[in-house]
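Student: compute the structure for the input listed below.
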Amino acid sequence: MRLERLAYDKMKISLSYEDLEQRGISTDKAWSDVPVIDELFQEMITEASEELNFEPEGPVVVEVFSIPSQGLVIIVTKTEDVFDDAELPFMQWEAFETKTHDAKLFKFNEFEDVIQLCKTLYTQNIQGGKLFHYRQTYYLAFGDKELPAAREKTIYAICCEFGEPANLSVHKLNDYGKIIVPSQAIKRITTYFS
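Tutor: Prediction:
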């Protein structure tokens, strides 16, 4: 299990399939055994409290993404608002789509994370993208037609495993950032660093 603090009110938990099996959770019955899942979640929050000083007091928003080749990515966000559970997934994805306009943009602190993401996406037949560098941070942008709409949520989850969504616009990066790879970034980086 890997814990990472994304912001003062947000953390990411990465669980491999081995982590799940060690905790007695098989992938075929993972979400049907509610007490086991609840215990696992409480254990993760306790560990995060100790390691990251992340103590959720009150309601939290939990986003769970299943990545076929790697396991689960769980994003936990502290919130003051109370939502109807049925509305959460729609609201989260709607927020992602409206924030990013015509491109999907992710930021990375380390170039190694970009390389690992590119290798993972390349196995999913994703080859496009444009890589920028701006203020000691790497940004990977995907145009509207570069990601298959049917797999957009899965690809989003994979990208969140290695980086996080960026709030900048591609236009700002074009104007002020340095273009590292102008097109086919996934394919080129994977080929170069394999």
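Student: correct me if wrong: residue 16 contacts residue 71.
Tutor: Yes: between residue 16 and residue 71 there is a contact under CB atoms under 8 Å: 4.2 Å. Glycine gets a C-beta too; all of them are placed from N, C-alpha and C.
Student: for the chain, which helix or strand comes out least confident on mean pLDDT?
Tutor: Among the helices and strands of the chain, helix 88-100 carries the lowest confidence by mean pLDDT, DSSP states H and E, at a mean of 39.
Student: look at residue 16 and residue 71 and report which has more neighbours.
Tutor: Higher neighbour count among residue 16 and residue 71: residue 71, with 21 against 14, using other CB atoms under 10 Å.
Student: and the helices in this protein?
Tutor: For the chain, the helices defined by DSSP state H cover 17-22, 34-52, 88-100, 111-122, 152-162, 170-176, 185-192.
Student: ok, which of those helices comes nearest residue 130?
Tutor: With distances scored as CB to CB, the stretch of those nearest to residue 130 is helix 185-192 (5.7 Å).
Student: flag every buried residue along that closest one.
Tutor: 185-190 (16 or more other CB atoms under 10 Å).
Student: ditto for stretch 174-187
Tutor: 177, 180-181, 185-187.
Student: compare the helices of the chain and say which comes out lowest on pLDDT.
Tutor: Lowest mean pLDDT within the helices of the chain: helix 88-100, at a mean of 39.
Student: just to revisit the earlier point, now the buried residues of stretch 174-187 in JSON lines, with distance to residue 44?
Tutor: What follows is those, written out as JSON lines (distance: CB to CB, whole Å):
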{"residue": "177", "distance to residue 44": "36"}
{"residue": "180", "distance to residue 44": "35"}
{"residue": "181", "distance to residue 44": "36"}
{"residue": "185", "distance to residue 44": "33"}
{"residue": "186", "distance to residue 44": "31"}
{"residue": "187", "distance to residue 44": "35"}
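Student: what is the nearest of those to residue 126?
Tutor: residue 186 (5.4 Å).
Student: ok, now how distant is that closest one from residue 4?
Tutor: With distances taken as CB to CB, to the nearest Å, residue 186 is found 23 Å from residue 4.
Student: from what I see, residue 3 and residue 46 are in contact.
Tutor: No: taking CB under 8 Å as the definition, residue 3 is not a contact partner of residue 46, at 11.2 Å.
Student: so what's the residue most central in space within the chain up against?
Tutor: With distances taken as CA atoms, centre = their mean, the residue of the chain nearest its centroid is residue 160 (1.4 Å). Going by CB atoms under 8 Å, 6 or more residues apart in numbering, residue 160 touches 12, 65, 73, 75, 106.
Student: same deal with residue 173?
Tutor: So residue 173 contacts 105, 132, 134, 139, 141 (CB under 8 Å, 6+ apart).
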